[in-house]
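Asker: Below: sequence and its predicted model.
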Amino acid sequence: MDEASILKTGRKPLLDSLQTIAQSFPASGSPASKAILSKALGQMLKSGSPKSSLLSLNVNSDQDEPLVNILSINESGLGMDAEDYEDAATVSKYTGTVALMFQVVFGEEDVANRTEPLTDKDVDKKWSDAAKEVVDFEVQLASTRTNSSDLYDPAKSYNPRTIEQLNGLTPSSIDWSVMLQEALPAGVNYTRPFIVTSLDYLTKLDVLLQKTPAKTLQLYFSWVRTQGISQYLASPYRQPLDVFNSGLKGIPLDSKTERWKTCVSAVTSNLGHMVGHYYVQTAFKGNSRQEVIKLMENVLLSYERTFPTLSWLDKITREGALKKLKAIVQTVGYSTVNPDVASFASLEAYYKDYTIEGGDYIGNRFRHNAWDAKKEFEKLEKKTDRLTMDGMFPTEVNAYYSPTFNTINFPAGILQGVFFGVDYPEYVNYGGIGAVGGHEIGWWTNETAQAFVEKSQCFVEQYGNFTVQGPDGKEHNVNGELTLGENLADNGGLRMAFKIWQSRFKSDSYGR
């Protein structure tokens, strides 16, 4: 909460970080050499920068071999959603914001000494020109993006490719061996295929990079780093970006998050399992775990009873779904492996390489990002474990189903409040956590999939007619296709939870 020290530190940490980009990726009027660009991308991935450039490299369990961790390549690197680049007014405001932020970071005047925020009139022409160059590149980058619906389609987004095949997709711009050697920790030797979510994106990216001067890319990389790190700086150094994001997202600028909440969020995101250890001790007591497991077993029983009544399920699919139901594993409250949140020894081993220095808030953020990236890449040398609640800490108010592991996961954070309570009447728990856990479980043949698409069309149309008011004051329709999975899961889960509670109520109407 030491805002005075953060203000005193000023923009120096960001300038130092940008200097490393200038050194590793020198500017010129010609396109960058493949070796230099590949090495620079690898260094950015290794640093764990909070905002990725051009692409992201993620570690996931392979859907075809769940016990194996693989690298997936995903689209990344835009400062806004791809659709926002189609609106001229938004692009103009964004360009002005980039120019202001460049002035804040590189200008001779330290904005902490100003009594009034910077305006467009305060921006030097070279930073206005630089901003236009960056945004023009991002507009072209946005045009290479894959349709969101295709990215959410497991069949279209699962494209295994060897490193040789990847080099064939980006022959002019990226040498994947060089990039990987730079990004991965010492001792991690990755030889498996990569999963590419969009082959078309890599092909188009290669064409774009062929015609982009190294000078433009250096400015772009500097902006991506600025956008990612500015959130850690004192308010005067991020003010232009805060104003822009406020307008873009429709959130009033004066709705400032209280500082203690920012601090709690920072500690939780950096030391989530450690915080979770104490949270579980305080908020997840008694037989909560056993109660949730029992409740979910009943919800799954409701699915088991319902499957035979669904006319659109063919015999093969029905048998597969029932087999899948019986094999589901529940993880409730917190991970018991990698790390075991309840064990101090396990937590100590997990965080042993993570260094925290008092009074160095931004430095601690940098160190965490690099440590976290290293921790992720080291998973490539290990087998996966179904009991790891990967990607969620115990404090999170959320839940998820993993189709790869066939597990249902409930962090302790959601097992409270309106969702669940050990002493609540059953109708509250079944309507809360029962509905959350009862998301639709999908497994079908091509014939069944077609029947499912036809049956689900009414949901596409229903939700497609819902509207929300955007920051521009206009009404915007929900994308019924894009939200179909969640909409079906919510409705299906609530229906199954209600059915099983109803049967329990009939058999014991005076019970809990």
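Answerer: Thanks, I have the structure now.
Asker: Just checking, which helix or strand succeeds the host helix or strand of residue 23 along the chain?
Answerer: Element membership of residue 23, judged by DSSP states H and E, is helix 12-24. As assigned by DSSP H and E, the chain's next helix or strand after helix 12-24 is helix 34-47.
Asker: ok and the helix or strand that comes right after that next one relative to helix 34-47, angle-wise?
Answerer: Sequence-wise, the next helix or strand downstream of helix 34-47 (DSSP H and E) is strand 55-61. Calculated by axes from the mean of the first three to the mean of the last three C-alpha atoms, to 10 degrees, strand 55-61 forms an angle of 50 degrees with helix 34-47.
Asker: And for residue 52, nearest residue in space, chain neighbours not counted?
Answerer: residue 76 (3.9 Å; C-beta to C-beta, 6 or more residues apart in numbering). Any C-beta I mention is one placed from the backbone N, CA and C, and that applies to glycine too.
Asker: The one you found touches residue 49, doesn't it?
Answerer: No: applying C-beta atoms under 8 Å, one finds residue 76 not in contact with residue 49, separated by 10.5 Å.
Asker: out of those two, which sits in the more crowded spot?
Answerer: Higher neighbour count among residue 76 and residue 49: residue 49, with 21 against 16, using other C-beta atoms under 10 Å.
Asker: Next, the closest residue to residue 251 other than its chain neighbours: secondary structure please.
Answerer: Nearest in space to residue 251, with sequence neighbours left out and distances taken as C-beta to C-beta, 6+ apart, is residue 245 at 7.6 Å. The three-state label given to residue 245 by DSSP: H, G, I helix; E, B strand; the rest coil is helix.
Asker: re the thing from before, which residues are in contact with the residue nearest to residue 52?
Answerer: 52, 53, 54, 55, 56 (C-beta atoms under 8 Å, 6 or more residues apart in numbering).
Asker: Export the residues you listed as TSV, with columns for neighbour count.
Answerer: Shown next, in TSV, are the contacts of residue 76 (neighbours: other C-beta atoms under 10 Å):
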residue	neighbour count
52	20
53	20
54	23
55	21
56	16
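Asker: Name the nearest residue to residue 25, sequence neighbours excluded.
Answerer: Closest to residue 25 by C-beta to C-beta, 6+ apart is residue 40, at 4.3 Å.
Asker: And residue 63, its phi and psi?
Answerer: In this entry, residue 63 is assigned phi and psi values of phi -60, psi -20 (degrees, to the nearest 10).
Asker: Check the spatially most central residue of the chain and give its pLDDT.
Answerer: In the chain, the residue lying closest to the centroid (C-alpha atoms, centre = their mean) is residue 391, at 9.1 Å. pLDDT for residue 391: 77.
Asker: dump the residue contacts of it.
Answerer: Applying C-beta under 8 Å, 6+ apart, no residues qualify as near residue 391.
Asker: can you offset everything so residue one is 43?
Answerer: Sounds good: first residue 43 from here, last item residue 433.
Asker: And it, how far from residue 451?
Answerer: For residue 433, the distance to residue 451 equals 9 Å [C-beta to C-beta, to the nearest Å].
Asker: go on, residue 291?
Answerer: 29 Å.
Asker: Equivalent analysis for residue 114, please.
Answerer: Going from residue 114 to residue 451 by C-beta to C-beta gives 20 Å.
Asker: Name the residue in these two with the higher neighbour count.
Answerer: Between residue 114 and residue 451, counted using other C-beta under 10 Å, residue 451 has the larger neighbour count: 26 against 18.
Asker: what pLDDT, on average, does the helix or strand containing residue 501 get?
Answerer: Using DSSP H and E, residue 501 sits within helix 488-506. Averaging pLDDT along helix 488-506 gives 74.
Asker: Need the residues that contact stretch 299-316.
Answerer: Counting by C-beta under 8 Å, 6+ apart, 43, 45, 317, 376-377, 381, 383, 389, 392-393, 403, 406-407, 410, 435-437 sit against stretch 299-316.
Asker: Which of those residues are buried, as a PyMOL select command?
Answerer: Command for PyMOL that selects the buried part of the contacts of stretch 299-316, burial taken from 16 or more other C-beta atoms under 10 Å:
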select buried, resi 317+376+377+381+383+389+392+393+403+406+407+410+435+436+437
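Asker: Take the contacts of stretch 299-316 and keep only those in helices.
Answerer: 45, 317, 389, 392, 403, 406, 407, 410 (DSSP state H).
Asker: Determine which two of these are furthest apart.
Answerer: Farthest-apart pair in these is 45 and 392; separation 30.4 Å (C-beta to C-beta).
Asker: For residue 202, what are phi and psi?
Answerer: Dihedral angles (degrees, to the nearest 10) for residue 202: phi -70, psi 130.
Asker: Kindly state the pLDDT recorded for the closest residue in space to residue 96 that isn't next to it in sequence?
Answerer: Closest residue to residue 96 apart from its sequence neighbours, by C-beta to C-beta, 6+ apart: residue 119 at 4.5 Å. Listed pLDDT for residue 119 reads 94.
Asker: got a list of what residue 119 touches?
Answerer: Contacts of residue 119 (C-beta under 8 Å, 6+ apart): 94, 95, 96, 97, 180, 183, 266.
Asker: Okay, and the last one sits in which element?
Answerer: When you say that, I think you mean residue 266. helix 256-271.
Asker: how far out from the middle of the chain is that helix?
Answerer: A distance of 21 Å separates the centroid of the chain from that of helix 256-271, by C-alpha atoms, centre = their mean, to the nearest Å.
Asker: Show me what it is packed against.
Answerer: In terms of contacts (3 or more C-beta pairs under 8 Å, 6 or more residues apart in numbering; DSSP states H and E), helix 256-271 is packed against helix 54-66, helix 76-89, helix 130-148, helix 167-184.
Asker: would you turn the ones you listed into CSV with mean pLDDT?
Answerer: Converted to CSV, the helices and strands packed on helix 256-271 look like this (pLDDT from 0 to 100):
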stretch, mean pLDDT
helix 54-66, 93
helix 76-89, 95
helix 130-148, 97
helix 167-184, 98
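Asker: Which of the three states applies to the residue lying closest to residue 226 once chain neighbours are set aside?
Answerer: Using C-beta to C-beta, 6+ apart and skipping residues adjacent in sequence, the residue nearest residue 226 is residue 419, 5.2 Å away. Three-state assignment for residue 419 (three-state DSSP): helix.
Asker: Quick check: pLDDT value at the residue lying closest to residue 149 once chain neighbours are set aside.
Answerer: Nearest residue to residue 149 in three dimensions, chain neighbours excluded: residue 166, at 6.9 Å (C-beta to C-beta, 6+ apart). Note for residue 166: predicted pLDDT of 97.
Asker: what about residue 166, how many residues close to it?
Answerer: For residue 166, using other C-beta under 10 Å, the count is 14.
Asker: any chance you could map the strands in the stretch 193-342 of the chain?
Answerer: 201-203, 236-238 (DSSP state E, counting those that start in this stretch).
Asker: quick one: contacts for residue 280?
Answerer: Residue 280 sits next to 272, 273 when contact means C-beta under 8 Å, 6+ apart.
Asker: What of residue 86?
Answerer: By C-beta under 8 Å, 6+ apart, the neighbours of residue 86 are 94, 95, 263.
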